[in-house]
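Novice: Quick one, fold the following:
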Amino acid sequence: MSIKNNIEKFTQTLPETCRLIAVSKTQPVDKIREAYDAGQRLFGENKVQELMAKYEALPHDIEWHMIGHLQSNKVKYIAPFIHLIHSVDSAKLLAEIDKQGKKFNRTINCLLQIHIAAEETKFGFSEPEVMQMMESAQFKTFQNVRILGLMGMATLTNDTTQIRNEFRHLKALFDTLKTIRLENVTMAELSMGMSSDYALAVEEGSTYIRVGTAIFGERHQH
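Specialist: Alright, predicted model coming up:
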């Protein structure tokens, strides 16, 4: 299967409410260009250095999504052009994004990453933490970030019931947060689902799926 065919398959089967982010991490520029030529415009990266290099090398109508764990000291490099940061997992990081947004005179779109998996290794806010942050005085001072929704990663397991429950849990939190009226929050996007579990995520209300392997094939490790 070619990259083009894989993208077309997603385009034809995804509901209108859900968009495909092609996860291009570790993929060479020519493969990303192949996806671009097939009409794909949303790409996801998880390392700042790699993201910057690709931003420079590829057409500027690409929507770049930061989907990996982001360190505060790296925010300044992607602040001028990033379309959406999916992986905001602390108030400290959000404060830094706001600061850099101010510097570059733009409002940076963010998703709050929620820890829904059974694995301890995954990043993200717990439910009480996210509520606490959104109700904090500091949160109300942010002028250059816009919270567009939530992101979550399900447990790596073959147990579809567990995965579905984790996605459902995230969707329920998303619906709860929708009812909270805050200046810099518009709960519109729910980023959940990857190559192995995107079908379940779509059924549970995902608006962004993050897919690499199912588009580019097995990844080569650096």
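Novice: Which neighbouring elements make contact with the biggest helix by length in the chain?
Specialist: Longest helix of the chain, by residue count under DSSP state H: helix 160-178. Where contact means 3 or more C-beta pairs under 8 Å, 6 or more residues apart in numbering; DSSP states H and E, helix 160-178 is packed against helix 127-135, strand 145-152, strand 185-192, helix 198-203. From N, CA and C alone the C-beta is placed, and that goes for glycine too.
Novice: Quickly compare these and say which is most buried.
Specialist: strand 145-152 (a mean of 24; mean count of other C-beta atoms under 10 Å).
Novice: which helices and strands does that one pack with?
Specialist: strand 84-88, helix 91-103, strand 108-114, helix 160-178, strand 185-192.
Novice: Need these in JSON lines (columns: distance to residue 46 and mean pLDDT).
Specialist: Formatted as JSON lines, these follow (distance: least, C-beta to C-beta, whole Å; pLDDT from 0 to 100):
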{"stretch": "strand 84-88", "distance to residue 46": "8", "mean pLDDT": "98"}
{"stretch": "helix 91-103", "distance to residue 46": "15", "mean pLDDT": "98"}
{"stretch": "strand 108-114", "distance to residue 46": "12", "mean pLDDT": "98"}
{"stretch": "helix 160-178", "distance to residue 46": "19", "mean pLDDT": "97"}
{"stretch": "strand 185-192", "distance to residue 46": "13", "mean pLDDT": "97"}
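Novice: With distance to residue 134 as extra columns, can I get these in a markdown table?
Specialist: Output for those, formatted as a markdown table (distance: least, C-beta to C-beta, whole Å):
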| stretch | distance to residue 134 |
| --- | --- |
| strand 84-88 | 12 |
| helix 91-103 | 10 |
| strand 108-114 | 8 |
| helix 160-178 | 7 |
| strand 185-192 | 7 |
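Novice: To residue 137, which of the ones you listed lies closest?
Specialist: Across the helices and strands packed on strand 145-152, residue 137 has its closest neighbour in helix 91-103 (11.2 Å, C-beta to C-beta).
Novice: Same question for that closest one: list its buried residues.
Specialist: 91, 93-102 (16 or more other C-beta atoms under 10 Å).
Novice: What is the nearest of the residues you listed to residue 130?
Specialist: Among the buried residues of helix 91-103, residue 91 lies closest to residue 130 (C-beta to C-beta), at 9.8 Å.
Novice: which residues does the nearest residue to the closest one once chain neighbours are set aside contact?
Specialist: Spatially, and ignoring its direct neighbours in sequence, residue 91 is nearest to residue 133 (5.0 Å; C-beta to C-beta, 6 or more residues apart in numbering). By C-beta atoms under 8 Å, 6 or more residues apart in numbering, residue 133 lies in contact with 91, 94, 125, 139.
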